[in-house]
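Asker: Here you go, sequence then predicted model.
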Amino acid sequence: MNRYKLTNGIDVVIKNNKNTPRTAIVLYIKIEKDETKAGLYYLITQLLFQGTKNRTSAKLAEELDENAIDLLIEKKTDYIRVKLLGLNEDVEYALDILGDIIENSTFEDLEKEKIKIKGEFEADLDSAKIQAQDEYYRTIFENHPYGIGRKEIIKQIDTINKKDLVEAYNEIKYCFAKNISVAGDYDEEKLIKLLNKNLNFLKTEKMENKRKLVEELTENKLSVICKEDANQAQIFQGWLVPSVYSDEYASIIVLNTILGFSGLSSRLFMELREKQGLAYTVRSVYEPFKLKADFFVYIATEPKNIRTCLEGFEKEINKIVTELISDEELENAKNNAIGKRQFYKETNLLEASLNGYYEFLGLGFNFEEKLIDRMKNITKNDIIKAAEICFSKPNALCILAPEKYLKEAELL
Amino acid sequence: MNNVKKKTVFYPFLEKPVEIYERENGHKIVFAYKKGELINISSWVKTGSINENDSNNGISHFLEHLMFKGTKKHKAGEFDRILEAKGAIVNAATWKDYTFYYVTISKGSSNKNFQEALELHADMMLNPVIPGNEIGEPFDINNPKIKEKRERHVVIEEIRMRKDQPWTKVYNLTNASMYQNHPYKRDVIGNEQIISTITREEVLDYYKTHYTPDNITTIIVGDLNPEEIVSEVIKEFDFKDRPNRAAEVFPIDIPADKTKYIEDYSKINTGFLMFGYLCSPAVDIKTSTIFEIISLILGSGQSSRMYQELIEKAKIPMFNIISSDYYHFKDGGNLFIQANFKPEYKNEAIEAIKNQITKICNEGISEKELKKAKKKLKTCFAENAETVSDIAETIGFYMTVCGKLECVEEYNEIIDKITTEDIKNTAEKYLNLNKAVIAVLMPDTYNK
């Protein structure tokens, strides 16, 4: 891995992977200020495909597709991420398009884009799971931008005007911190020249922290959605927990593996699915954001099982908080969690994204190695300590189901 | 390796040709070299809903779940636990033409993980016990007092999950009407009534009928020595005297003789619709590729015709989402156009899609569009050569659905030879608006 600095000061890390036909370039833009209106940054990421001073939206789409260049611009909780992926022979052209998009977007089609976003989100919300998950984030991150979901954006997006956009975009372009990560088989010197040529206009300014902190939950929160035709109840139960900078970070990753992160051998999977046949999908998820993390357990089950599932969650959570796990289970979970991390670097795009993410967090591109070392050294007591920290606080519970079953489970 | 026939096939973007070994009993072993720590082991069985009928629909998928319930050597759950404790991804999938089981894992020092994974995988494939207590007793789906819940309930929950997915609902409405007789008309997962009552004996019989040597292809992808691994696969896949059985042949279905329109309702706020067409068998690579090109031009990506015409340039914003897809099947692929729309514009949305189909049938496509689609298709191979699991899936598809991997070798040449005239002729022949299946899922407030 090699590190470079562009003439505008942006750090670049490059991982050279020989004999790979496609190069991945990932730009991270740190969100240093909360958006003034819900959906503002998301709208910007969508409008970046709507034409520049040099290319109409149709021409942009045409040029990208003609050259089989994948360009994805995502708005996440803490950053805007630009992922560019193309055949090595097309990298120069891909960077030319990217530079044009970021520098010269005109944001002409603001009203049309708002209608498109509302339509797409309304379609998403016809999925019971997405509706429940949106509500879960709203509940656990109440009054915080992390909790803004599709519903809130649909409500607020029409208040966004061109002035809001231009102001926010100028900050994104000229103030917010940025870093670039590359993986592929491409001449590094040439790549740096191309990045300097096409992205030199980007700037970074030291900004005072203008992000709102996440407030701890002071009591358990319950949110229910009545959906009369739901064939399954959607249950999300989550806690606010320490994030990536915490000493417990590695322990919580292993804890998540034990409890229910993917795979067919976790405790929740074995107990609620394999032994009790309550669900097809049951899992736990640890989401470390920059300001805070959440840890949730999820199950989709026949609505009459709501109470049984909540008791099942409680039993497993209590067990992991109060009982030391066996040596064998700990070793298995550590090896599982460490082994799975190889998949996070399996393609150039995944590897560039991961290295860039650690750089964005200020942890350094080699943080992965340090993290694995930390995971190797985790003890049984570390797990119980992490579980206590995670689950001793109030939680947020969100359930979607037909009204009758919510009443039966005494949730209404 | 006596009595094993070997051949090699060139595979784009891989460093070495892919090696195919066929044993005397018909079991095929495929090895693809991919540098790196991760390896993938998979076995593809030529069975899925294609071999089902009205009384056992869903059995292929149910069996797939039950294959993880242990062998004489390894009890239920052990396979997953041992392999996941080494960081493996273990899973399986069932579709219309095939069922496949896979393990992706780091090969380990001296290939130790590979050997262990292969032993477990082969044991699972050849010696499943399918214990009655793991299946659970047959039960009455309408009896709310059932307490004992085992794997039947897991699958029934999967069925419930799909009922809450509008896209799956509209797909099933379309698929069920596209066929007159062919087993493809059934939903792969089956229904609650069948899954709650099917017996262990039926499942075991189904296993014995279809999990035969010549019906299985085992694929290994990774940085391994083929000479060694093929011997090991042969050793572990000891079918003993398991007989092969003649595969059932189903007559290829003919498209609907007139347009079929199906409308259903749900508690949703937007409309979902799908157009479906029966197309050519997967082994007809040229025609299948032509359909891939039609699908790309119509509705893949932001520069596609439908995205540009019906979303970007639309005077009235009727559509929220629109795209097209081509699914390859042994007995005839499917071209789908799927859209989400504002329900008040249902009729206009259907007309707009019909206009796009008419246009491609009447006017064909431009040279520029063809060039773009060809580049995209070729790049897909680069994309599918990036991970061991994607390579295995591509090989598995060609071996199982097309019956030969050589199709890969011919693929680029076939792409290069396709002309705009070919596209127009194929569109005219297959995409007849008077023979389309159109399914629509509307908000229940429109059910008057």
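Answerer: Nice, I can see it.
Asker: hey, let's count contacts and neighbours off CA atoms from now on
Answerer: Noted.
Asker: contacting residues for residue 244?
Answerer: Let's take chain A. Listed by CA atoms under 8 Å, 6 or more residues apart in numbering or on different chains, the contact partners of A:V244 are A:288-290, A:293.
Asker: that's the other chain; I wanted chain B
Answerer: Here B:N244 is in contact with B:25, B:212-215 (CA under 8 Å, 6+ apart).
Asker: now do A:N256
Answerer: A:284-286.
Asker: Could you do B:Y206 as well?
Answerer: Residues near B:Y206 by CA under 8 Å, 6+ apart: B:59-60.
Asker: What confidence value was assigned to it?
Answerer: Looking at B:Y206, its pLDDT reads 97.
Asker: From chain A, how far off is it?
Answerer: Distance of B:Y206 to chain A, computed by CA to the nearest CA, to the nearest Å: 23 Å.
Asker: swap in B:I414?
Answerer: To chain A, B:I414 is 19 Å away according to CA to the nearest CA.
Asker: Skip the chain neighbours and tell me the closest residue to that residue.
Answerer: Setting aside the residues directly before and after it, B:I414 is nearest to B:K286 in space (CA to CA, 6 or more residues apart in numbering or on different chains), at 6.2 Å.
Asker: what's around that neighbour, how many residues?
Answerer: Counted with other CA atoms under 10 Å in any protein chain shown, the neighbours of B:K286 add up to 20.
Asker: Ok, the one 3 residues further on next?
Answerer: The burial count assigned to B:T289 is 21, neighbours taken as other CA under 10 Å.
Asker: If you count contacts, what does the helix or strand it falls within end up packed against?
Answerer: Element membership of B:T289 [criterion: DSSP states H and E] is helix B:285-299. Packing partners of helix B:285-299 (3 or more CA pairs under 8 Å, 6 or more residues apart in numbering or on different chains; DSSP states H and E): helix B:305-306, strand B:319-327, strand B:334-341, helix B:367-384, helix B:406-417, helix B:420-430.
Asker: what's it in contact with?
Answerer: With CA under 8 Å, 6+ apart, helix B:285-299 has contacts from B:279-282, B:304-307, B:322-326, B:328, B:333, B:335, B:337, B:356, B:369-370, B:373-374, B:377, B:407, B:411, B:414-415, B:418, B:422-423, B:426-427.
Asker: does stretch B:108-118 come close to chain A?
Answerer: No. Judged by CA under 8 Å from any CA of the partner chain, stretch B:108-118 and chain A are separated, with a smallest distance of 10.3 Å.
Asker: Mark which of the contacts of helix B:285-299 are buried, thanks.
Answerer: B:279-282, B:304-307, B:322-326, B:328, B:333, B:335, B:337, B:356, B:369-370, B:373-374, B:377, B:407, B:411, B:414-415, B:418, B:423, B:426-427 (16 or more other CA atoms under 10 Å in any protein chain shown).
Asker: For chain A, just list every one of the strands.
Answerer: A:2-5, A:11-16, A:22-30, A:70-75, A:79-87, A:178-184, A:221-226, A:233-241, A:282-288, A:293-301, A:396-401 (DSSP state E).
Asker: same deal with the stretch 1-150 of chain B?
Answerer: B:4-9, B:18-23, B:28-33, B:38-45, B:89-94, B:99-106 (DSSP state E, counting those that start in this stretch).
Asker: now A:L194: how far from A:L95?
Answerer: If you measure A:L194 against A:L95 using CA to CA, to the nearest Å, the figure is 7 Å.
Asker: Can you report how many residues lie near residue 199?
Answerer: Here I'm looking at chain A. 20.
Asker: To clarify, I was referring to chain B.
Answerer: Using other CA under 10 Å: B:T199 sits among 16 other residues.
Asker: ok, of the contacts of A:V244, which one's closest to B:G48?
Answerer: Closest approach to B:G48 among the contacts of A:V244 (CA to CA): A:P288, at 39.9 Å.
Asker: What residues does the one residue sitting closest to the centre of chain B make contact with?
Answerer: Centrality entry for chain B: nearest residue to the mean C-alpha point is B:W95, 4.6 Å, by CA atoms, centre = their mean. By CA under 8 Å, 6+ apart, the contact set of B:W95 is B:48-49, B:188.
Asker: now those residues as a markdown table including pLDDT?
Answerer: Below are the contacts of B:W95 laid out as a markdown table (pLDDT from 0 to 100):
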| residue | pLDDT |
| --- | --- |
| B:G48 | 97 |
| B:S49 | 97 |
| B:V188 | 98 |
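Asker: TSV for these, including neighbour count?
Answerer: TSV is the format used below for the contacts of B:W95 (neighbours: other CA atoms under 10 Å in any protein chain shown):
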residue	neighbour count
B:G48	26
B:S49	26
B:V188	23
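Asker: Map the structural domains onto the sequence of chain B.
Answerer: Using automatic domain parsing, the domain parsing of chain B gives B:4-236, B:260-446.
Asker: Which residues of the stretch 51-200 of chain B lie near chain A?
Answerer: Residues of the stretch 51-200 of chain B lying near chain A (CA under 8 Å from any CA): B:77, B:80-81, B:84-90, B:105-106, B:148-155, B:157-158, B:160-161, B:163-166.
Asker: A PyMOL selection for these, restricted to the buried ones, would help me check which they are.
Answerer: A single PyMOL command is used to select the members of these judged buried by 16+ other CA under 10 Å:
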select buried, chain B and resi 80+81+84+85+86+87+88+89+90+105+106+149+150+151+152+153+154+155+157+158+160+161+163+164+165+166
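Asker: Filter the residues of the stretch 51-200 of chain B next to chain A down to just the ones in helices.
Answerer: Members of those lying in helices (criterion: DSSP state H): B:80-81, B:84, B:151-155, B:157-158, B:160-161, B:163, B:166.
Asker: Report the two of these separated the most.
Answerer: Within these, B:R81 and B:P166 form the most distant pair, 34.5 Å apart (CA to CA).
Asker: Now do the contacts for the nearest residue to A:E331 once chain neighbours are set aside.
Answerer: In space, not counting the residues next to it along the chain, A:E331 is nearest to B:A85; the distance is 7.7 Å by CA to CA, 6+ apart. By CA under 8 Å, 6+ apart, the contact list for B:A85 reads A:331-336.
Asker: rerun that using 6 Å as the cut-off
Answerer: For B:A85, the contact set (CA atoms under 6 Å, 6 or more residues apart in numbering or on different chains) comprises A:332, A:335-336.
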